[in-house]
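Q: The following block contains a protein sequence and its predicted model.
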Amino acid sequence: NAGVMQNPRHLVRRRGQEARLRCSPMKGHSHVYWYRQLPEEGLKFMVYLQKENIIDESGMPKERFSAEFPKEGPSILRIQQVVRGDSAAYFCASSPKREVYNEQFFGPGTRLTVL
Amino acid sequence: TQLLEQSPQFLSIQEGENLTVYCNSSSVFSSLQWYRQEPGEGPVLLVTVVTGGEVKKLKRLTFQFGDARKDSSLHITAAQPGDTGLYLCAGGARNTDKLIFGTGTRLQVFP
């Protein structure tokens, strides 16, 4: 499967626990984006990363959320001390390089449920 | 703040009918993508349009980018049940790498 991979597909956490979402971009893609889709809402940008660098985190909540894209391995979106309002589908997208046309390819998402 | 409004929000039609979905903004975008999303899955890229006035056809789907690059439309001819899904437009701007997503149009095609 040469597409964007995300795991887990479903994640259940209790309030106060940590959630760790992983994303492996398409082969040859070095740019990763995270979006969040709340129930019955559209996708909202969270963060844009390149290898070892956060380029734009203007959509990330100021507290509890962090993201990384290490030199080796997948990109990680980490949510500490989860609350019920964090329940959503989290999508990762990748693109091959910085392009004028912003064409991004999405993974299947991780559906986070906070009990 | 850049916003993309889609209309209609919901659309239920019979197989064989034609339909048009609209995506409008007061902002100019350097590109406009259309995605389709099925329940439990991620958005799948259908097309990218980049030139004002551009028209692209993908089988029964026709996409148009407005002359001023502020709006777009998606027209489906002879809709089929397999076209059912959530259709999302997304705009890209030259000065940012993030996509601004529209509010979505949920299409249901009945056999």
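A: Structure's in. What do you need? Nothing here was measured: the structure is a model prediction, and the numbers come from that model. Residues are numbered from 1 along each chain as shown, chains lettered A, B, ... in the order given.
Q: How about the residues of chain A by chain B?
A: A:4, A:6, A:31, A:33, A:35, A:42-45, A:48, A:55-56, A:58-59, A:91, A:93, A:98, A:100-109, A:111 (Cβ under 8 Å from any Cβ of the partner chain). For glycine as for every other residue, the C-beta is placed from the backbone atoms N, C-alpha and C.
Q: now do 6 Å
A: A:42, A:43, A:45, A:48, A:91, A:101, A:102, A:103, A:106, A:107, A:108, A:109 (Cβ under 6 Å from any Cβ of the partner chain).
Q: ok, what's across the strand from the residue nearest the centre of chain A?
A: For chain A, the residue sitting closest to the mean C-alpha position, by Cα atoms, centre = their mean, is residue A:34 at 3.5 Å. Beta-bridge partners of residue A:34, counted by DSSP bridges, are residue A:47, residue A:92.
Q: which residue sits closest to the residue in chain B that chain A sits nearest to, ignoring its sequence neighbours?
A: Closest approach between chain B and chain A, counting by Cβ to the nearest Cβ: residue B:92, at 2.8 Å. Leaving aside its sequence neighbours, residue B:92 sits nearest to residue A:102 (Cβ to Cβ, 6 or more residues apart in numbering or on different chains; 2.8 Å).
Q: I'd say the residue of chain B closest to chain A and residue A:103 touch.
A: No - under the criterion of Cβ atoms under 6 Å, residue B:92 is not in contact with residue A:103, lying 7.9 Å apart.
Q: Go ahead and build a PyMOL selection from the buried members of the residues of chain A next to chain B.
A: Applying 16 or more other Cβ atoms under 10 Å in any protein chain shown to those, the buried members can be selected in PyMOL as follows:
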select buried, chain A and resi 42+43+45+48+91+102+103+106+107+108+109
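Q: now the residues of chain A next to chain B as JSON lines including secondary structure?
A: Formatted as JSON lines, the residues of chain A next to chain B follow (DSSP: H, G, I helix; E, B strand; the rest coil):
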{"residue": "A:42", "secondary structure": "coil"}
{"residue": "A:43", "secondary structure": "strand"}
{"residue": "A:45", "secondary structure": "strand"}
{"residue": "A:48", "secondary structure": "strand"}
{"residue": "A:91", "secondary structure": "strand"}
{"residue": "A:101", "secondary structure": "coil"}
{"residue": "A:102", "secondary structure": "coil"}
{"residue": "A:103", "secondary structure": "coil"}
{"residue": "A:106", "secondary structure": "strand"}
{"residue": "A:107", "secondary structure": "coil"}
{"residue": "A:108", "secondary structure": "coil"}
{"residue": "A:109", "secondary structure": "coil"}
